[in-house]
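Asker: coords below, sequence missing:
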């Protein structure tokens, strides 16, 4: 499994750890003896700390070595890294680490053999760090894992009241005109001279005073009334219309930047 330097794996690792920086922290034994300082960190493809790159100070000489992270305790508050014992003999037997070193399986095995309490042999094709859990396991607080985040748009619908339609009635008045033909009787009196002046015997004529002829006169008068009728019906119903709403938003995605130094065999596996 290829390993990466901390800044190569995540150029913004300080922000990832909330401003804390393991690089530059001084290395002490649990008894309080300073034995070196942290120059860098090697992480795996998942971003888990595997080794601290240590610049040791034994016998006033500097030697770069790899310290499996499970043997350390990082204390950002005191700005120190504590190691549970790091003897001079271990430092002498450890392979020296330089920036141009290719950290392959054979190199890691040389490092592990110096720290293992007993000698062990593993299959290089099936080896994983859990087989040396005491060298690589950290508590949840200390174990550093990088997570790459990506934003995505989530669309949902919420039913809200857009308005309402209220129907009511009111009365409007207007003057209407209707024409009704009426019949009215009238009396027409015609006096027509006799066609001949025939002589009538006055002895047989009964002259009477006060004789009356009655003619009844009729006329029509209008009768106007109002009646109500259904002019039209208003039906109210709701229909649902569907439309597509398209939203555009800028979303972010974190991509992995890998920067290697030296002749390293790096495989970026997804």
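Answerer: Done, it's in. Predicted model, so just to flag it, every value in this text is computed and none were measured. Numbers count the residues shown, from 1 in each chain.

Asker: going forward, measure contacts and count neighbours with C-alpha atoms only.
Answerer: OK.

Asker: Show me where the chain has its helices.
Answerer: 6-9, 13-16, 88-93, 105-115, 133-136 (DSSP state H).

Asker: what's the longest one in contact with?
Answerer: Spelled out, that is helix 105-115. 1, 66, 90, 93-95, 119-120, 124, 135 (C-alpha atoms under 8 Å, 6 or more residues apart in numbering).

Asker: thinking again about what came up before, tell me which of the helices of the chain is the most buried.
Answerer: Stretch with highest mean neighbour count among the helices of the chain: helix 6-9 (a mean of 20; mean count of other C-alpha atoms under 10 Å).

Asker: Now find how far off-centre that helix is within its chain.
Answerer: 31 Å (C-alpha atoms, centre = their mean, to the nearest Å).

Asker: same deal with stretch 79-94?
Answerer: 50 Å.

Asker: Check the average confidence over it, would you?
Answerer: What stretch 79-94 shows for mean pLDDT is 84.

Asker: before we move on, what about stretch 223-230?
Answerer: Mean predicted lDDT for stretch 223-230 stands at 86.

Asker: Which pair in the contacts of helix 105-115 has the greatest spatial separation?
Answerer: By the measure C-alpha to C-alpha, 1 and 90 form the most distant pair in the contacts of helix 105-115, at 24.6 Å.

Asker: about what we covered before: closest to residue 232 out of the helices of the chain?
Answerer: Here helix 13-16 is closest among those (C-alpha to C-alpha), at 72.8 Å.

Asker: can you list contacts of the closest one?
Answerer: Residues contacting helix 13-16 (C-alpha under 8 Å, 6+ apart): 6-7, 20-21, 146.

Asker: repeat for stretch 170-182
Answerer: 219-222.

Asker: just the buried members of those?
Answerer: Among the contacts of stretch 170-182, not one counts as buried by 16 or more other C-alpha atoms under 10 Å.

Asker: Residue 79 touches residue 25, doesn't it?
Answerer: Yes - applying C-alpha atoms under 8 Å as the test, residue 79 and residue 25 come out as touching, 5.7 Å apart.

Asker: Comparing the two, which residue is more hemmed in?
Answerer: When neighbours are counted by other C-alpha atoms under 10 Å, residue 25 comes out ahead of the other of residue 79 and residue 25, with 21 against 15.

Asker: Now for that one: which residues touch it?
Answerer: Counting by C-alpha under 8 Å, 6+ apart, residue 25 has contacts 37-38, 79-81.

Asker: quick one: which of those is nearest to residue 55?
Answerer: Relative to residue 55, and with distances defined as C-alpha to C-alpha, the nearest of these is residue 37, at 5.4 Å.

Asker: The closest one: neighbour count?
Answerer: 22.

Asker: now the stretch 101-250 of the chain, which segments are flagged as low pLDDT?
Answerer: By pLDDT under 70, the low-scoring segments of the stretch 101-250 of the chain are 138-149, 195-198, 200-202, 205-208.

Asker: so where do the strands sit in it?
Answerer: With DSSP state E, counting those that start in this stretch as the definition, the stretch 101-250 of the chain shows no strands.

Asker: Out of the helices of the chain, flag the one nearest residue 256.
Answerer: helix 6-9 (6.9 Å).

Asker: and the closest one, what other elements does it pack with?
Answerer: Judged by 3 or more C-alpha pairs under 8 Å, 6 or more residues apart in numbering; DSSP states H and E, the packing partners of helix 6-9 are strand 34-43.

Asker: In the strand it packs on, which residues are buried?
Answerer: Quick answer for strand 34-43 (16+ other C-alpha under 10 Å): 34-43.

Asker: just those residues now: which is nearest residue 233?
Answerer: Checking the buried residues of strand 34-43 one by one against residue 233 (C-alpha to C-alpha), the nearest turns out to be residue 43, at 79.2 Å.

Asker: From what I see, the closest one and residue 3 are in contact.
Answerer: Yes - using C-alpha under 8 Å, residue 43 is in contact with residue 3, at 5.4 Å.
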